[in-house]
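Undergrad: Starting from these lines, generate the structure:
(one chain, ligands or ions: 1)
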Amino acid sequence: MEINAICHCGQVELKASVLPPSVTSCNCSICRRYGALWAYYSPADVSITEQQPSSVYSWGEKEIDFHFCSNCGCLTHYRSVNNPKFERTVINARMMEPAILDQIPVRYFDGAESWEFIDK
Ligand SMILES: [Zn+2]
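TA: Coordinates of the predicted model:
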C-alpha cells in the first residue's frame, strides 16, 4: 500500500508504505493551532520529496522541526531533532487523501496537561 501526503501545490510530498494504526489529535499549544492529525513513522519508513526547501519552525527546546511548504504554506510534517530517544518523522495526515484518512482511527492526546490519551 502506498500512502501519499501532498501539500496543496504539490511541492512537498511524503510517501510511506503502511497505514499508521491511528492518527493523533493533540491539544497542546501548538497542535491545537495547527489543527493537524499526526501519523507517526520511523524516519527510515518515510520518503520526502521537496522541490524547494520547506520552511521550518521550532521553538523552546528546539527538539522538533515543523516543516511547511514554502509555496502554499501547508504544514506537511515534523521531525524530531537532537533527541536520540525520539526519532520520528511525523506526517500531517491532513495531507493524505480523504479516502485514506477515513480508514485511520483518530486518537485524542492531552498534550496540554496530563500528557495522556483522552479518547472519548
Ligand atoms: Zn505546497
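Undergrad: For residue 112, give its distance to the ion.
TA: 29 Å (CB to the ion, to the nearest Å). Glycine gets a C-beta too; all of them are placed from N, C-alpha and C.
Undergrad: what's the helix or strand for that residue?
TA: Of the helices and strands defined by DSSP states H and E, none includes residue 112.
Undergrad: how about the residues of the chain near the ion?
TA: 7, 9, 11, 69, 71, 72 (CB under 5 Å from the ion).
Undergrad: Narrow those to just the buried residues.
TA: With burial judged by 16 or more other CB atoms under 10 Å, the buried subset of the residues of the chain next to the ion is 7, 11, 69, 71.
Undergrad: what sits against the first one?
TA: By that I understand residue 7. Applying CB atoms under 8 Å, 6 or more residues apart in numbering, we find residue 7 in contact with 13, 69, 71, 72, 74, 76, 95.
Undergrad: I'd like the residues you listed written out as JSON lines, with pLDDT added.
TA: JSON lines is the format used below for the contacts of residue 7 (pLDDT from 0 to 100):
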{"residue": "13", "pLDDT": "98"}
{"residue": "69", "pLDDT": "98"}
{"residue": "71", "pLDDT": "98"}
{"residue": "72", "pLDDT": "98"}
{"residue": "74", "pLDDT": "98"}
{"residue": "76", "pLDDT": "98"}
{"residue": "95", "pLDDT": "98"}
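Undergrad: want to try a markdown table for those, with secondary structure as columns?
TA: Converted to a markdown table, the contacts of residue 7 look like this (DSSP: H, G, I helix; E, B strand; the rest coil):
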| residue | secondary structure |
| --- | --- |
| 13 | strand |
| 69 | coil |
| 71 | coil |
| 72 | coil |
| 74 | coil |
| 76 | strand |
| 95 | helix |
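Undergrad: Report the two of those separated the most.
TA: 71 and 95 (13.9 Å; CB to CB).
Undergrad: Show me the helices in the protein, by range?
TA: 31-34, 98-101 (DSSP state H).
Undergrad: looking at those, which is buried most?
TA: Sort these by mean neighbour count, taking mean count of other CB atoms under 10 Å, and helix 31-34 sits at the top with a mean of 14.
Undergrad: What helices and strands are in contact with that one?
TA: Using 3 or more CB pairs under 8 Å, 6 or more residues apart in numbering; DSSP states H and E as the contact test, no helix or strand touches helix 31-34.
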